[in-house]
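Trainee: coordinates only, sequence not included:
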């Protein structure tokens, strides 16, 4: 069975400093992995998607994530945080079997950006 | 394109009342999904549909029913609401072909409170 674990429920950084949101996954198959962002009282927006083409994936708003199979990790990073990055971030794996497109969500990490 | 829309945006129900949440997409997507979001638990799949006239149970289906009579609409019903169903509900859709399922596109959410 596939699963996703986000290692931090809350991360706080200062504006202009790097962001690291950690995610580990468990999958028997070669997974499709995603990061989604949710701003307060909004829906979910796709940040980036990994589907085995390249291990370093660039997303919107300066975010990127690196797929490391040996570590079963898919951490999200950004070199310099902006106040507008404050939101909740979800690491997500797509269920590989059954052709259903079902997603399995991590518990979420709340990113706080201090001025 | 409106994308994925949800009706209503907010609703307060009394225990035992019933209601239907409507999800509509104008992207001609085959697959549609209903999730609920609770604090600290990410999004959990309630029911999903891989095509018009088909539905299937997700991770937390109890207390909910769904219907997909038209390709563009996916309805979520609560027959007898309970306080445990207080949550934010998200609908999503995705495109699929024989070998490929796209990312999911999410609606803005419906905030439901059951008193």
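Mentor: Great, that's in hand. Quick caveat, the model's predicted, so the values are computed rather than measured. Residues are numbered from 1 along each chain as shown, chains lettered A, B, ... in the order given.
Trainee: I'd like to know which residues of chain A are adjacent to chain B.
Mentor: Proximity of chain A to chain B, by CB under 8 Å from any CB of the partner chain, involves residues A:9, A:34, A:36, A:42-46, A:49, A:90, A:94, A:99-103, A:105-108. All C-beta spots, glycine's among them, are computed from the backbone N, C-alpha and C.
Trainee: Just the buried ones among those residues, please.
Mentor: A:34, A:36, A:43-44, A:46, A:49, A:90, A:94, A:100-103, A:105-108 (16 or more other CB atoms under 10 Å in any protein chain shown).
Trainee: Name the nearest of the residues you listed relative to residue B:44.
Mentor: Distance to residue B:44 across those (CB to CB) is lowest for residue A:105, with 7.3 Å.
Trainee: What score does the residue nearest to that closest one when sequence neighbours are not counted have for pLDDT?
Mentor: Once flanking residues are discounted, residue A:105 sits nearest to residue B:42: 3.5 Å by CB to CB, 6 or more residues apart in numbering or on different chains. Confidence at residue B:42, expressed as pLDDT, is 86.
Trainee: Please tell me I have it right and residue B:42 contacts residue A:106.
Mentor: Yes: using CB atoms under 8 Å as the test, residue B:42 is close enough to residue A:106 to be in contact (5.6 Å).
Trainee: Name the residues contacting each of the two.
Mentor: Counting by CB atoms under 8 Å, 6 or more residues apart in numbering or on different chains, the contacts common to residue B:42 and residue A:106 are residue A:90.
Trainee: Show me where the chain has its strands.
Mentor: No chain in the question, so chain A it is. A:3-6, A:10-14, A:19-21, A:23-26, A:32-38, A:44-50, A:56-58, A:64-68, A:73-78, A:87-94, A:103-105, A:109-114 (DSSP state E).
Trainee: my bad, chain B
Mentor: Going by DSSP E, chain B shows strands at B:4-7, B:10-13, B:19-25, B:31-37, B:43-49, B:56-57, B:65-67, B:73-78, B:87-94, B:105-106, B:110-114.
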